[in-house]
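**Student:** Could you look at this predicted model? Sequence included:
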Amino acid sequence: MTLTDHQRLGDLKAAVQDLYRRNRQQGHAAWCDRDYDFVCPSVERYPFQWFWDSCFHAVVLSRLDPERAATELRTLLANQHPDGFLSHVTFWQRERHESAVADYMIRWRSPWLSDSMQPPILAEATAAVARRGGGLGFLREVLPAVRAFYDWCHRVRDPDGDGLIVVLEPHETGMDQSPSFDAYLGIETATPEAFAAAWRSVALKHVEVDRRSERVHAADRFMVADVFVNTLYAENQRVLADLYAQVGDTVSADELRSRADRTAAAVLTRCWVAEDSDFHALADETQVPLPGGTVAGLLPVLLAATSSHVVDGIAARLRDRDEFGAPFPVPSVARTHPAFRAGPTRDLLWRGPTWINTNWYVARGLRRHGHAGLAARIEDASVALVERSGFREYFNPDTGVGYGARGFAWSALAFEMLVSRVEGDRIS
């Protein structure tokens with residue numbers, strides 16, 4: 001007997017509610033004299049609050065408990081730095097998990113706040129919470145802080161004013177050990193030890209220049225205009241413009257829309273390499289294209305301005321078994337790529353397995369451009385992965401076996417994909 005979407009949705013909703021109860025972290029942090037209430041990525045491995053994870057969690061929570069979703073974002077914003085920057089990790093309850101902290105490769109602003117960013121997806125999380133329960137009151141409450149973060153990105157991470165922001169270490173892309181960065185980092189053999197040594201060389205260079213942004217840029221040890229990060233930056237500036245329009249601030253809306261258009265145009269023209277029909281990250285001041293062949297190069301399908309020709313090419317690559325057309329798509333690396341591994345390789349991430357969050361973005365982009373059937377295939381595969389293996393961190397694209405952290409909360413985006421199809425109110 002084949003379950004209907006409605007039957008699958010009921011089971012999946014119950015599983016997500018249970019997961020978000022188990023991963024909920026609540027308490028009072030003496031170090032900042034603030035209460036906290038958030039969903040951690042994984043109780044066993046990632047007990048703290050990660051920036052983009054919390055944004056994904058807020059999207060899911062907006063379907064289940066809008067007030068908790070609003071609290072998730074309030075907690076995320078609570079320790080925003082005076083310059084608008086938001087740390088990629090807040091170690092609210094660090095004293096209870098010192099052994100976990102020892103395993104992380106982190107640049108620090110303080111013992112409780114990291115000095116790295118993550119993909120800037122805060123605006124779309126804010127939009128989901130506002131639309132599904134928070135309303136204009138929530139928007140007016142949080143928009144100044146949300147805007148301050150995007151202004152920081154614009155001011156600090158776009159040093160040449162070309163619309164593309166730069167990341168200063170691989171982890172800031174969210175795709176920590178993507179093979180796109182191997183040669184740039186000087187990695188010849190992909191091992192955890194090689195990546196750890198490369199990361200340390202980047203971090204030490206930042207320490208040498210006192211972590212001051214302009215001096216970090218000048219040092220040019222790792223400075224990448226990443227396709228994935230900038231696609232999400234463009235999309236979220238557009239969303240933020242729409243939110244300002246909702247509260248009647250047309251001046252801010254127009255400014256942010258102009259910035260969004262500039263970033264999208266830069267991604268679509270300067271990151272596109274026609275020779276291999278792929279989008280590539282750009283490295284250092286000369287903006288040399290880095291190797292492609294990863295899921296990051298598919299993400300511009302999300303942008304409304306992407307041409308139908310390019311979208312059709314991305315769709316063809318997603319169908320091609322030699323590229324991304326795996327039984328359980330979308331693998332994080334093309335199957336013909338020399339670095340591709342369907343399963344884990346000594347805890348190296350983003351070198352082949354499928355991740356639910358990138359599936360969510362690719363499916364949304366396909367639907368935006370009229371490829372609903374292919375989008376549905378990716379959505380169905382995402383739900384099947386969770387049904388088969390539970391809420392795991394990442395999955396084998398050939399077998400569906402789950403790997404990495406158990407009880408991984410952003411994999412609940414599979415629920416968001418299914419409920420959007422069944423009940424509507426889709427994040428477009």
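**Tutor:** Done, it's in. Numbers count the residues shown, from 1 in each chain.

**Student:** ranges for the helices of the stretch 251-400 of the chain?
**Tutor:** 308-319, 356-368, 372-389 (DSSP state H, counting those that start in this stretch).

**Student:** correction: the stretch 51-200 of the chain
**Tutor:** 51-64, 66-77, 98-101, 122-129, 135-156, 182-185, 192-208.

**Student:** Could you name the helices and strands sitting against the fifth one?
**Tutor:** Right, the one you point to is helix 135-156. For helix 135-156, the elements it packs on are helix 66-77, helix 122-129, helix 227-246, helix 250-270, judged by 3 or more Cβ pairs under 8 Å, 6 or more residues apart in numbering; DSSP states H and E. C-betas here are computed from N, CA, C, even on glycine.

**Student:** Mind doing that once more with 10 Å?
**Tutor:** For helix 135-156, the packing partners by 3 or more Cβ pairs under 10 Å, 6 or more residues apart in numbering; DSSP states H and E come out as helix 66-77, helix 122-129, helix 213-219, helix 227-246, helix 250-270.

**Student:** Distance to Arg24 for those - can I get that in JSON lines?
**Tutor:** Below are those laid out as JSON lines (distance: least, Cβ to Cβ, whole Å):
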{"stretch": "helix 66-77", "distance to Arg24": "8"}
{"stretch": "helix 122-129", "distance to Arg24": "17"}
{"stretch": "helix 213-219", "distance to Arg24": "35"}
{"stretch": "helix 227-246", "distance to Arg24": "26"}
{"stretch": "helix 250-270", "distance to Arg24": "33"}
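
**Student:** Out of the ones you listed, which gets the lowest mean score?
**Tutor:** The stretch with the lowest mean pLDDT among the helices and strands packed on helix 135-156 is helix 213-219, at a mean of 74.

**Student:** okay, it in PDB with CA atoms only?
**Tutor:** Listed next in PDB are the C-alpha coordinates belonging to helix 213-219 (Å, rounded to 0.1, in the frame of the first residue of the first chain):
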ATOM      1  CA  SER A 213      38.500  43.100   8.200                       C
ATOM      2  CA  GLU A 214      40.400  45.500   5.900                       C
ATOM      3  CA  ARG A 215      43.700  43.800   6.900                       C
ATOM      4  CA  VAL A 216      42.300  40.300   6.500                       C
ATOM      5  CA  HIS A 217      41.200  41.300   3.000                       C
ATOM      6  CA  ALA A 218      44.600  42.700   2.200                       C
ATOM      7  CA  ALA A 219      46.300  39.600   3.500                       C
END
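
**Student:** I'd like the average pLDDT over the helix or strand that it is followed by.
**Tutor:** Going down the chain from helix 213-219, the next helix or strand is strand 224-225, by DSSP states H and E. Taken as a whole, strand 224-225 has an average pLDDT of 96.

**Student:** re the thing from before, of the helices of the stretch 51-200 of the chain, which approaches Thr263 most closely?
**Tutor:** helix 135-156 (9.3 Å; Cβ to Cβ).

**Student:** just the angle between the closest one and helix 51-64, please?
**Tutor:** Here helix 135-156 runs at an angle of 170 degrees relative to helix 51-64 (axes from the mean of the first three to the mean of the last three Cα atoms, to 10 degrees).

**Student:** hang on, the earlier thing: can you put the helices of the stretch 51-200 of the chain in a markdown table and add mean neighbour count and distance to Thr231?
**Tutor:** Output for the helices of the stretch 51-200 of the chain, formatted as a markdown table (neighbours: other Cβ atoms under 10 Å; distance: least, Cβ to Cβ, whole Å):
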| stretch | mean neighbour count | distance to Thr231 |
| --- | --- | --- |
| helix 51-64 | 25 | 14 |
| helix 66-77 | 22 | 21 |
| helix 98-101 | 12 | 31 |
| helix 122-129 | 26 | 12 |
| helix 135-156 | 18 | 14 |
| helix 182-185 | 18 | 20 |
| helix 192-208 | 15 | 23 |
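
**Student:** Go through these and name the closest to Asn359.
**Tutor:** helix 51-64 (12.0 Å).

**Student:** relative orientation of that closest one and helix 122-129 in degrees?
**Tutor:** 10 degrees.

**Student:** Can I get helix 51-64 as PDB, trimmed to CA atoms?
**Tutor:** Coordinates of the C-alpha atoms in helix 51-64 are reproduced here as PDB (Å, rounded to 0.1, in the frame of the first residue of the first chain):
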ATOM      1  CA  PHE A  51      23.100  30.900  12.700                       C
ATOM      2  CA  TRP A  52      21.800  29.200   9.500                       C
ATOM      3  CA  ASP A  53      20.500  26.200  11.300                       C
ATOM      4  CA  SER A  54      18.400  28.400  13.500                       C
ATOM      5  CA  CYS A  55      17.000  30.100  10.400                       C
ATOM      6  CA  PHE A  56      16.000  26.800   9.000                       C
ATOM      7  CA  HIS A  57      14.500  25.800  12.300                       C
ATOM      8  CA  ALA A  58      12.500  29.000  12.500                       C
ATOM      9  CA  VAL A  59      11.000  28.200   9.000                       C
ATOM     10  CA  VAL A  60      10.000  24.700  10.200                       C
ATOM     11  CA  LEU A  61       8.700  26.000  13.500                       C
ATOM     12  CA  SER A  62       6.600  28.700  11.800                       C
ATOM     13  CA  ARG A  63       4.500  25.700  10.600                       C
ATOM     14  CA  LEU A  64       4.200  24.200  14.000                       C
END
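
**Student:** name the helices or strands packed onto it?
**Tutor:** Secondary elements touching helix 51-64 (3+ Cβ pairs under 10 Å, 6+ apart): helix 5-22, strand 34-39, strand 49-50, helix 66-77, strand 89-90, helix 122-129, helix 356-368, helix 413-423.

**Student:** can you tell me which of these comes nearest to Asp320?
**Tutor:** Judging the helices and strands packed on helix 51-64 by Cβ to Cβ, what sits closest to Asp320 is helix 356-368, at 14.2 Å.

**Student:** Check the offset of the closest one from the chain's centre.
**Tutor:** 12 Å (Cα atoms, centre = their mean, to the nearest Å).
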